[in-house]
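Visitor: With the sequence up front, the predicted model follows.
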Amino acid sequence: MSPHPYIAIEGAIGVGKTTLARILSDALSAELLLEVFEENPFLSDFYADRSRYAFQTQIFFLLSRYRQQHKVIADTLQASPLVSDYLFAKDWLFAHLNLTGDELAMYERVHAILGEQIPAPTLVIYLRASTDTLMQRIAFRDRSYERQMSSAYIHDLRLAYDRFFADYPTAPVLTLDTDNLDIVHDGAARTEVVARIKSLVQAGSYQLPLPELGDLAGTTPTTGHTGRRLADFQRFHLALDREKGSITDLFFNYIGLTEEIGAVGRVLKDTWRRQDQFLPQVGNRKEAQDRALETIKAELQAGLADTLAYLLKIANDAGIDLETAYLKKMGQNWQRSWSAQPADTTD
């Protein structure tokens with residue numbers, strides 16, 4: 001593991017990646033790695049005729065990005081933090097937007113070989129903006145090779161980015177909406193964004209490691225639990241399902257969830273029976289329940305863990321950030337009023 005954080009900034013064309021990268025580089029005293037794209041000889045032709053020049057453009061970018069990031073990232077991180085205005089993995093996103101058939105298959109083979117040799121970032125900052133905002137920013141900077149970009153292409157690209165980072169499994173992702181965020185002219189907004197990112201990359205807290213797959217065989221995870229969020233476990237399940245070849249289907253996982261809930265129910269039913277057996281001995285229902293739970297705790301832990309796993313898998317299948325959904329719903333419940341009867345705060 002690198003002794004220094006590596007932050008990669010991503011988002012659609014014109015969203016402001018390089019601007020934020022320069023600001024963060026200064027704020028974090030980090031080295032700056034900027035994407036070199038002007039040297040691609042096919043870029044202007046690609047924007048004029050995407051179908052004809054997509055493969056040449058994409059392969060050139062893939063090799064150029066590999067050449068720029070291979071070893072440079074690892075070597076830099078031995079001495080200092082690093083901020084980059086692009087992520088190597090995003091090349092795959094563009095390829096799937098622009099290539100099909102044999103060309104896409106060939107690209108994927110080359111990408112798989114090269115991608116394994118590129119270090120993963122500590123944190124990805126995903127900048128979002130509406131299509132209209134992106135088109136305005138592209139027009140404002142007025143790069144000659146971008147003048148032929150269509151709004152439809154930028155719209156498709158923006159949606160592809162949303163899908164890509166909805167379930168990105170390799171690193172924590174901080175998403176920032178930039179439609180109304182001006183970090184260039186608004187000093188307060190810039191300070192707030194920098195402070196938020198700094199809080200994520202402070203020593204000991206910026207690394208949000210997922211459990212290693214090998215840890216699952218033991219009883220005590222070696223990576224600990226400090227700093228993990230629900231989104232980290234969603235990403236872990238994506239990696240786990242891919243590693244084990246598990247079925248990733250919304251309805252199959254719902255069936256699995258109901259089976260695990262049934263298993264939890266059977267354990268609790270057994271607990272109820274044991275509680276009644278202990279009650280004459282201890283004369284106190286709470287103590288009887290505690291003793292009964294001790295006898296089945298391992299089974300209940302396993303059942304609840306499997307239930308949570310299926311909830312995470314269903315959220316992944318549906319493209320839902322479960323932590324955000326939970327906080328939003330509980331925030332609504334907090335504002336509600338219930339009758340004097342015991343409240344069910346999950347409805």
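Guide: Structure received. Numbers count the residues shown, from 1 in each chain.

Visitor: So, low pLDDT: which residues of the stretch 101-250 of the chain?
Guide: Low-confidence segments of the stretch 101-250 of the chain (pLDDT under 70): 202-228.

Visitor: which residues in it form strands?
Guide: 123-128, 173-177 (DSSP state E, counting those that start in this stretch).

Visitor: now for the longest one, which elements pack on it?
Guide: Looking back up the chat, that one is strand 123-128. Counting contacts by 3 or more Cβ pairs under 8 Å, 6 or more residues apart in numbering; DSSP states H and E, strand 123-128 packs against strand 6-11, helix 17-27, helix 151-166, strand 173-177, helix 187-201. Bear in mind the C-beta positions are built from the backbone N, C-alpha and C, glycine included.

Visitor: switch to 6 Å and redo it
Guide: When contacts are defined as 3 or more Cβ pairs under 6 Å, 6 or more residues apart in numbering; DSSP states H and E, strand 123-128 sits against strand 6-11, strand 173-177.

Visitor: okay, the strands of the stretch 101-250 of the chain in TSV with distance to residue 274 next?
Guide: Output for the strands of the stretch 101-250 of the chain, formatted as TSV (distance: least, Cβ to Cβ, whole Å):
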stretch	distance to residue 274
strand 123-128	47
strand 173-177	45
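
Visitor: Just say which of those is most tucked in.
Guide: Ranked by mean neighbour count, these are led by strand 123-128 with a mean of 22 (mean count of other Cβ atoms under 10 Å).

Visitor: pull the CA atoms of that strand into CSV?
Guide: C-alpha atoms of strand 123-128 as CSV (Å, rounded to 0.1, in the frame of the first residue of the first chain):
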residue,chain,number,x,y,z
LEU,A,123,-10.2,8.2,-3.8
VAL,A,124,-12.1,9.1,-7.0
ILE,A,125,-13.9,12.4,-7.2
TYR,A,126,-16.7,12.3,-9.7
LEU,A,127,-17.8,15.7,-11.0
ARG,A,128,-21.4,15.7,-12.4
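
Visitor: what comes into contact with it?
Guide: The contact list for strand 123-128, computed with Cβ atoms under 6 Å, 6 or more residues apart in numbering, reads 7-11, 15-16, 165, 171-178, 200.

Visitor: How far off centre is that strand?
Guide: 9 Å (Cα atoms, centre = their mean, to the nearest Å).

Visitor: sorry, back to before: for PyMOL, write the select line for the buried members of the contacts of strand 123-128.
Guide: To isolate the buried ones among the contacts of strand 123-128 in PyMOL, judged by 16 or more other Cβ atoms under 10 Å, type:
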select buried, resi 7+8+9+10+11+15+16+165+171+172+173+176+178+200
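
Visitor: And the residue nearest the centre of the chain?
Guide: Centroid-nearest residue in the chain: residue 168, 3.9 Å away (criterion: Cα atoms, centre = their mean).

Visitor: wait, what's in contact with that one?
Guide: With Cβ under 6 Å, 6+ apart, residue 168 has no contacts at all.

Visitor: redo that, cut-off 8 Å
Guide: 124, 235 (Cβ atoms under 8 Å, 6 or more residues apart in numbering).

Visitor: following the helix or strand where residue 66 lies, which helix or strand shows up next?
Guide: Here residue 66 sits within helix 50-69, counting by DSSP states H and E. Counting by DSSP H and E, the next helix or strand C-terminal to helix 50-69 is helix 72-77.

Visitor: From the contact counts, what lies against that next one?
Guide: By 3+ Cβ pairs under 8 Å, 6+ apart, helix 72-77 packs against strand 31-33, strand 82-84.

Visitor: Now do residue 301: how many residues are near it, please.
Guide: Using other Cβ atoms under 10 Å, residue 301 has 11 other residues around it.

Visitor: if I look at it, how far off is residue 83?
Guide: 41 Å (Cβ to Cβ, to the nearest Å).

Visitor: And residue 162, by the same measure?
Guide: 23 Å.

Visitor: between these two, who's got more neighbours?
Guide: Neighbours were counted for residue 162 and for residue 83 using other Cβ under 10 Å; residue 83 has more, 28 against 14.
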